[in-house]
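>>> sequence? don't have it. structure:
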Ligand SMILES: Nc1ncnc2c1ncn2[C@@H]1O[C@H](COP(=O)(O)OP(=O)(O)OP(=O)(O)O)[C@@H](O)[C@H]1O
C-alpha cells in the first residue's frame, strides 16, 4: 500500500496455528502519522496479525514473511531485541484494559514504566512524567490518580492509563486492537477522539483493528479488509466504504448498515479532537536516547 519511507511494512505474513494458515499472506504498510484500519469478521486473523508484528504469537504458532519497522526486519529477532523495541518504537493497546494492567502496581508506575525501561528515567523523573502523561490523557486529578491502583479506576480511565503508557516513549508505531469494545458506549467516543488527537500530536502511525465500521469511517485514512487470513480489499477509507469493490466488503457494510452520516466528510474524516487533556508531554530532560519521532 505505502512505499518508500514506510514506518511499518508487512509483507506476505503467514501465521500457522494447528495446521491452519490463520494469517495467509497478508501485506500492508503504514507511513508516519498514517492511520490504517484493519477490519474483518471475528476470526479473520486481525489480532494474530498484530501479535505477529509485536512478536507475541501464542506458543506453537509458526510465522513467515517479513515485518519491517523503519526498514529493520523484526521476524526472527531475538526476544531481547523485540522487548527492546516494544514500548519504545512499537506499542500496543489491547481491548481489555483490566487485563493489560498489573492489578498490584500503582497506575503512575505503569504509565511511566516504559520511560524507566527504555529511556533511563530516574524514579523521580518517571513519577513527574507519569503525572504529566496522566494529565495529557485527560485523567482527573492526575497528582492523586497516579497513586491509585487499577481497580479504583473506571474502565475508560483504565484505557486512558494504557494509552498514556503506550505513547509515553512516543513510539513510531501503535497497534490498537479493539481498544473501545470493552468500554461503555458513552466513553467510546471520548477514547477514540483522544487516541486520534494523540497520534496526530506525536506523528505515530496507527494500525486500528476493529469490526466496528463506524469507528474506522471516522478515525482512519486507509483500510485493509481481512477475510479468512487474507486481505481482500485495500484503499482509502472513504473510497472503500462508499464503493466497496469486493463482495465480502459489501456484505460487511450491509451487515453494519452504515448510514451516510457515519461516512467521513469530504476533505478528511479524522476523529474529532477531544476537549479533555493536553498534548503528550516530551519530558526530554531525563532522556538517555532520542525518540524515533523528532
Ligand atoms: N492460540 C490460538 N490457538 C489456535 N488457534 C487460534 C489461537 N488464537 C487464534 N486462533 C484462531 O486463529 C484465527 C484468527 O484469530 P484472530 O484472533 O486473529 O481473529 P480476529 O479477526 O482478531 O477475531 P476477533 O475479531 O474475534 O478478535 C481464528 O480462527 C482463531 O480461532
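It's in. Small disclaimer: the values here were computed from a predicted structure and weren't measured.
>>> now stretch 152-171: mean pLDDT?
pLDDT averaged over stretch 152-171 equals 93, rounded to a whole number.
>>> Now do the contacts for residue 93.
Taking CB atoms under 8 Å, 6 or more residues apart in numbering as the criterion, residue 93 is in contact with 100, 159, 162, 163, 166, 174, 175, 176, 177, 179, 195. C-beta coordinates here come from the backbone N, C-alpha and C atoms, glycine included.
>>> Just confirm yes or no for the helix or strand encompassing residue 48 near the ligand.
Using DSSP states H and E, residue 48 sits in helix 46-54. Yes. Counting by CB under 6 Å from any ligand atom, the ligand has neighbours in helix 46-54: 46, 47, 48.
>>> again, but for stretch 94-108
No. Stretch 94-108 stays out of contact with the ligand when judged by CB under 6 Å from any ligand atom, the minimum separation being 7.7 Å.
>>> Can you get me the start-to-end distance on that stretch?
19 Å (CA to CA, to the nearest Å).
>>> hmm, back to that, narrow the contacts of residue 93 to those in helices?
The helices in this structure, assigned by DSSP state H, contain 100, 159, 162, 163, 166, 195 from the contacts of residue 93.
>>> Quick check: the closest residue to the first one other than its chain neighbours vs residue 13, distance?
Right, the one you point to is residue 100. With CB to CB, 6 or more residues apart in numbering as the measure, residue 94 is the residue that lies nearest to residue 100, at 4.6 Å, once sequence neighbours are left out. In this structure, residue 94 lies at 20 Å from residue 13, with CB to CB, to the nearest Å as the measure.
>>> Phi, psi for the residue of the stretch 151-294 of the chain found nearest the ligand please.
Closest approach between the stretch 151-294 of the chain and the ligand, counting by CB to the nearest ligand atom: residue 211, at 5.4 Å. Comment: the main-chain dihedrals of residue 211 come out as phi -110, psi 10, following degrees, to the nearest 10.
>>> Run a quick neighbour tally on it.
Residue 211 sits with 18 neighbouring residues when counted by other CB atoms under 10 Å.
>>> my read: it touches residue 37, true?
No. Taking CB atoms under 8 Å as the contact criterion, residue 211 and residue 37 are not neighbours in contact, 10.2 Å apart.
>>> per-residue pLDDT, residue 132?
94.
>>> any idea how far it is from the ligand?
33 Å (CB to the nearest ligand atom, to the nearest Å).
>>> can you tell me the helix or strand for that residue?
Going by DSSP H and E, residue 132 is part of helix 123-136.
>>> Disregarding residues adjacent in the polypeptide, which is nearest to residue 7?
Distance criterion CB to CB, 6+ apart; nearest residue to residue 7, sequence neighbours excluded, is residue 205 at 4.5 Å.
>>> I'd guessed that neighbour sits against residue 53; true?
No. Counting by CB under 8 Å, residue 205 stays clear of residue 53, with 11.6 Å between them.
>>> mind checking the end-to-end distance for stretch 146-159?
End-to-end distance of stretch 146-159: 14 Å, with CA to CA as the criterion.
>>> residues of that stretch that come out buried?
Taking 16 or more other CB atoms under 10 Å as the neighbour-count basis, stretch 146-159 is seen to contain the buried residues 146, 148, 150, 153, 155, 156, 157, 158, 159.
>>> Show the backbone phi and psi for residue 180.
Summarising the backbone geometry of residue 180 under the convention degrees, to the nearest 10, its torsions are phi -120, psi 0.
>>> check contacts around it.
Residue 180 touches 159, 187, 188, 191, 192, 212, 215, counting by CB under 8 Å, 6+ apart.
>>> change it to 10 Å
Listed by CB atoms under 10 Å, 6 or more residues apart in numbering, the contact set of residue 180 reads 93, 95, 155-156, 159, 187-192, 195, 210, 212, 215.
>>> And residue 6, by the same measure?
Contacts for residue 6 were tallied using CB under 10 Å, 6+ apart; they are 28, 29, 30, 31, 32, 34, 68, 69, 70, 71, 205.
>>> and the ligand, which of those residues contact it?
Filtering the contacts of residue 6 for neighbours of the ligand using CB under 6 Å from any ligand atom leaves an empty set.
>>> so which of those would you say is closest to the ligand?
Distance to the ligand across the contacts of residue 6 (CB to the nearest ligand atom) is lowest for residue 28, with 14.6 Å.
>>> With residue 231 as the reference, measure out to the closest one.
As for residue 28, its distance to residue 231 is 7 Å (criterion: CB to CB).
>>> Of the two, which one has the most company?
Using other CB under 10 Å, the more surrounded residue of residue 28 and residue 231 is residue 231, with 25 against 22.
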